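Engineer: with the sequence up front, the predicted model follows.
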Amino acid sequence: MASAAKDLRYRSGRSVSVDGNLARSLDFEVRERELRHAGEVPRRREAVREKPKVHSAPKVRLREAQHVSILAVAGAVAAAVLAVLVLMNYIQLTVLSSNVVELRGELKTLEKENVILTTQYEQMFDLATVKAAAEAAGMTKPGASQIYYVDGTSGDSAVVYRQEAPGLLDRLRESLHHGIYAVVEYFD
């Protein structure tokens, strides 16, 4: 059979008909085989009996338990912690932004109040206003009998008393007094 296959593939002795083309005709080998087996009785193939189909439950293969890497768990925990921290920072940013808006509104109110108070302050130091307020309160200029002059031409003198350095007993008593005072003040 192997020699027949070689014979079909590589024919050196016979000439092949060419129809204007040097390529082999595609059905050449099929025709050659039909010619070679022309007088033979066709072989019967034995009918292959089909096996009856039996439905069986597929075997369930369980996957082996895999070990989780500690680094993977630590990485997931770190990512979750960072996500929570980012969210907390966004919350703080939102709170601070709302506080800034409130403080800007309060600043505008305080600036208006500052203008009013500055105007009142300037009116307080207007001499005509001060004089009118003093007269309304019953104040008058002092008379000659109410004025007293102090003579500062005489020399100044001062007496300094020097205290003796405290003894050991005095210093001990003073530190004990401070210690008791500190304890009593702490518990009040």
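Structural biologist: Thanks, I have the structure now.

Engineer: where along this structure do the helices fall?
Structural biologist: All helices of the chain, identified by DSSP state H, fall at 2-9, 28-36, 70-124, 127-136, 168-187.

Engineer: where among the ones you listed is the average confidence lowest?
Structural biologist: Among the helices of the chain, helix 2-9 has the lowest mean pLDDT, at a mean of 50.

Engineer: looking at the helices of the chain, which is closest to residue 144?
Structural biologist: Closest approach to residue 144 among those is made by helix 127-136 (19.7 Å; CB to CB). C-beta here means a position set from N, CA and C on the backbone, and glycine is covered the same way.

Engineer: in this structure, what residue sits furthest out from the centroid?
Structural biologist: residue 39 (89.2 Å; CA atoms, centre = their mean).

Engineer: follow-up on the earlier one: okay if I get the helices of the chain as a markdown table plus distance to residue 56 and mean neighbour count?
Structural biologist: Below are the helices of the chain laid out as a markdown table (distance: least, CB to CB, whole Å; neighbours: other CB atoms under 10 Å):
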| stretch | distance to residue 56 | mean neighbour count |
| --- | --- | --- |
| helix 2-9 | 42 | 10 |
| helix 28-36 | 43 | 11 |
| helix 70-124 | 39 | 10 |
| helix 127-136 | 112 | 10 |
| helix 168-187 | 87 | 9 |
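
Engineer: make JSON lines out of those helices and add distance to residue 150.
Structural biologist: Putting the helices of the chain into JSON lines (distance: least, CB to CB, whole Å) gives the following:
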{"stretch": "helix 2-9", "distance to residue 150": "145"}
{"stretch": "helix 28-36", "distance to residue 150": "147"}
{"stretch": "helix 70-124", "distance to residue 150": "31"}
{"stretch": "helix 127-136", "distance to residue 150": "25"}
{"stretch": "helix 168-187", "distance to residue 150": "41"}
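
Engineer: out of those, which comes closest to residue 154?
Structural biologist: Closest of those to residue 154 is helix 127-136, at 35.6 Å (criterion: CB to CB).

Engineer: report the central residue of this structure.
Structural biologist: Note: the chain centre (CA atoms, centre = their mean) maps to residue 86, 2.3 Å.

Engineer: separation between it and residue 93?
Structural biologist: 10 Å (CB to CB, to the nearest Å).

Engineer: cool, and residue 187?
Structural biologist: Look at residue 187 and residue 93: by CB to CB, they are 44 Å apart.

Engineer: got a pLDDT number for residue 45?
Structural biologist: pLDDT, residue 45: 63.

Engineer: do the same with residue 26
Structural biologist: pLDDT recorded at residue 26 is 69.
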